[in-house]
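[1] Please work out how this folds:
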Amino acid sequence: MADYTNPIPAGNAPGTSAVVRNTDYGREYYGEQAFWKMQTGFLDALFGFTRQENLVLITVLKNIHPCTNTYDGTIKGLARRADVDEKTVRSALLKMQEKNILAPVAPGQWMLNPRLLAKGSFLQEVKLMATYDTCQGKKVHGATVIDDKTGELVTLPNEYATVEQFYEAQAAERFVKLYRDFFSAISGLSETELKILVYILQAMDLGKNMYIGTLEKIKVHCGCSTATVSRAMTQFVNRNLMVKEFDGCWRINPGMIITGHPRKAKAIESAYKYSH
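    The predicted model follows:
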């Protein structure tokens with residue numbers, strides 16, 4: 001897990017309850033290889049897109065600006081990037097808004113819901129949450145703190161009505177690390193394939209990046225045929241999302257999704273390479 005600096009009560013800060021240290025992971029944190037902080041709702045949000053709409057969704061996710069969680073581009077430009085027609089782009093964007101993945105900011109600009117994916121310090125994350133709520137037309141009236149890095153007065157999102165609630169959430173923060181390669185790996189998957197993949201990711205042992213279960217178990221849960229599950233699993237292996245260790249045991253690629261301390265990640269990465 002990330003190592004966050006605890007907020008510091010300020011006592012003498014006018015008009016606020018606290019000065020909060022806005023630590024981050026350094027400039028490299030925002031690079032292509034750095035991880036997104038994924039919350040569980042993100043996987044559920046992947047459902048309901050056609051194969052073509054999925055291409056639009058992934059194109060947006062791969063081009064989100066990590067400091068602002070925004071995507072900039074025209075419908076025409078997005079259609080060209082995703083290699084689909086403009087009708088598909090409009091349909092996909094509408095679904096993303098309905099599923100609370102995106103909120104419109106301005107013509108040609110959308111914001112990714114930071115409650116699903118975000119980068120940076122915990123304070124940066126909640127600042128994005130407040131901005132996202134504003135984009136949706138919600139009045140933001142959480143607690144106010146001072147960002148010690150910028151001197152900025154920050155109004156927190158509504159779930160943090162007091163600074164104490166913010167402190168508690170910061171101390172208890174949990175997330176899964178999601179790497180950019182994951183987006184490419186799921187690009188163009190069908191609805192059924194995504195349903196199978198999401199079930200596996202939600203059911204896997206995060207401590208070992210391992211899913212244990214028969215094809216029959218997956219078939220029953222996802223409501224599809226054994227042949228469909230078998231084809232999907234082959235697809236996942238070919239896309240380097242996972243490897244098969246033995247019948248009924250699959251190890252998920254830690255270079256795409258993982259949680260926990262970096263030392264644990266190295267051990268899992270070694271096991272994954274050995275399984276190839």
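
[2] and the residue lying closest to Ile212 once chain neighbours are set aside, bridged to which residues?
    Using C-beta to C-beta, 6 or more residues apart in numbering and skipping the chain neighbours, the partner closest in space to Ile212 is Cys249 (5.3 Å). For every residue, glycine as well, the C-beta is placed using N, CA and C. On the basis of DSSP bridges, Cys249 is bridged to Ile212, Phe246.

[3] Quick one: residues contacting Cys249.
    210-212 (C-beta atoms under 8 Å, 6 or more residues apart in numbering).

[4] Please tell me how far Lys264 sits from Gly207.
    8 Å (C-beta to C-beta, to the nearest Å).

[5] Please identify which of the two sits among more neighbours.
    Lys264 (15 against 10; other C-beta atoms under 10 Å).

[6] Low-confidence stretches in the protein?
    1-17, 23-33, 276 (pLDDT under 70).

[7] which stretches of this protein form helices?
    Taking DSSP state H as the test, the helices found in the chain are 41-45, 51-62, 75-82, 86-98, 122-135, 163-171, 181-186, 191-203, 215-222, 226-238, 262-275.

[8] how about the nearest residue in space to Leu201 that is not next to it in sequence, what does it touch?
    In space, and not counting its chain neighbours, Leu201 is closest to Leu43: 5.9 Å by C-beta to C-beta, 6+ apart. Taking C-beta under 8 Å, 6+ apart, we find Leu43 in contact with 198, 201-202.

[9] swap in Phe49?
    57, 92, 95, 191, 194.

[10] One more pass at 7 Å, please.
    Each residue near Phe49 by C-beta atoms under 7 Å, 6 or more residues apart in numbering is listed here: 57, 92, 95, 191.

[11] Out of the residues you listed, who's the most crowded?
    Neighbour max across these (other C-beta under 10 Å) = Ala92, 27 neighbours.

[12] isn't it right next to Glu53, touching?
    Yes: counting by C-beta atoms under 7 Å, Ala92 touches Glu53, with 3.9 Å between them.

[13] What separation is there between Phe246 and Asp72?
    46 Å.

[14] ok, those two, which is more surrounded?
    Counted by other C-beta under 10 Å, Phe246 and Asp72 do not tie: Asp72 has more neighbours, with 14 against 8.

[15] beta partners for the nearest residue to the more buried one once chain neighbours are set aside?
    With C-beta to C-beta, 6+ apart as the criterion, Asp72 has its nearest non-adjacent residue at 5.2 Å, and that residue is Gln109. Note on Gln109: beta-bridge partners by DSSP bridges are Asp72, Ala106.

[16] what about Gln109, neighbour count?
    By other C-beta under 10 Å, 14 other residues sit near Gln109.
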